[in-house]
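S.K.: Need a 3D model of the sequence below.
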Amino acid sequence: MDELTLERSLAARGFLRVAGVDEVGRGPLAGPVVCAAVILPFEEERRILGIDDSKKLSAKKREALAEKIKAVARAYAIAEVDAATIDEINILQATRLCMKRAVDMLVPAADMVLTDGNMTLDIALPQRSIVRGDALVCSIGAASILAKVHRDALMAEYAKLYPEYAFESNAGYGTKAHIQAIREVGICPIHRRTFVTKFWDGRERSSSANT
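M.R.: Numbers count the residues shown, from 1 in each chain. Presented below is the predicted three-dimensional model:
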């Protein structure tokens with residue numbers, strides 16, 4: 001994967017700025033979905049070793065790799081789509097929108113886009129979706145790392161505003177303790193209302209709650 005095999009084969013066909021795109025946060029009950037797009041360099045001296053699916057890496061390793069990726073990438077961008085938009089257009093469409101935003105933000109622009117999973121984007125560029133792309137394609141793996149590190153840091157900041165839900169440890173996912181907190185104090189502004197209907201009684205966290 002470190003050799004950028006697919007990216008190099010596409011470069012041989014004339015695609016010199018291949019962007020890998022991935023998302024983090026489709027499943028949580030709270031917080032945004034976050035997407036990243038990355039165009040990696042081909043020069044051997046700028047090669048980044050150890051890129052993989054972000055879920056396979058420790059937090060410390062992800063953070064170190066994220067800094068390297070930002071330092072050497074030809075271009076990268078990180079985009080967010082918030083909980084309210086997810087509720088409005090559904091998580092699939094929100095993810096597609098988020099990926100499109102990340103691609104559109106790249107400077108220089110991509111000339112080919114590789115997405116993780118089975119995702120078709122509303123873009124004019126050539127694109128290809130690759131199942132398990134974050135574990136098979138270096139630029140997609142790099143995007144997964146940037147998105148994961150960004151979202152985890154964001155949720156840690158939200159944890160300071162809404163400490164009842166322990167976002168710093170669950171990142172908004174539906175852990176037993178997180179669900180129990182929703183039942184006890186209601187939801188907060190970053191919860192996805194369409195995701196919590198099974199155990200939410202309609203209450204919202206009081207603005208006077210401790211922060």
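S.K.: going forward, measure contacts between C-alpha atoms and count neighbours the same way
M.R.: Will do.
S.K.: pretty sure D152 contacts N170?
M.R.: No: D152 lies out of contact with N170 (C-alpha atoms under 8 Å); the separation is 9.2 Å.
S.K.: Lowest mean pLDDT among the helices and strands, pick that one out for the protein.
M.R.: helix 133-136 (a mean of 90; mean pLDDT, DSSP states H and E).
S.K.: Quick one: list the elements packing against the helix or strand following that helix.
M.R.: Next helix or strand after helix 133-136 toward the C-terminus (DSSP states H and E): helix 138-161. Counting contacts by 3 or more C-alpha pairs under 8 Å, 6 or more residues apart in numbering; DSSP states H and E, helix 138-161 packs against strand 18-24, strand 33-39, helix 59-72, strand 112-116, helix 133-136, helix 167-170.
S.K.: ok, R183 to R13 distance?
M.R.: In this view, R183 and R13 are 55 Å apart by C-alpha to C-alpha, to the nearest Å.
S.K.: So for the least confident helix or strand of the chain, what gets flagged as buried?
M.R.: Residues of helix 133-136 classed as buried by neighbour count (16 or more other C-alpha atoms under 10 Å): G133, D134, A135, L136.
S.K.: Which neighbouring elements make contact with that helix?
M.R.: Using 3+ C-alpha pairs under 8 Å, 6+ apart, helix 133-136 is in contact with strand 112-116, helix 138-161.
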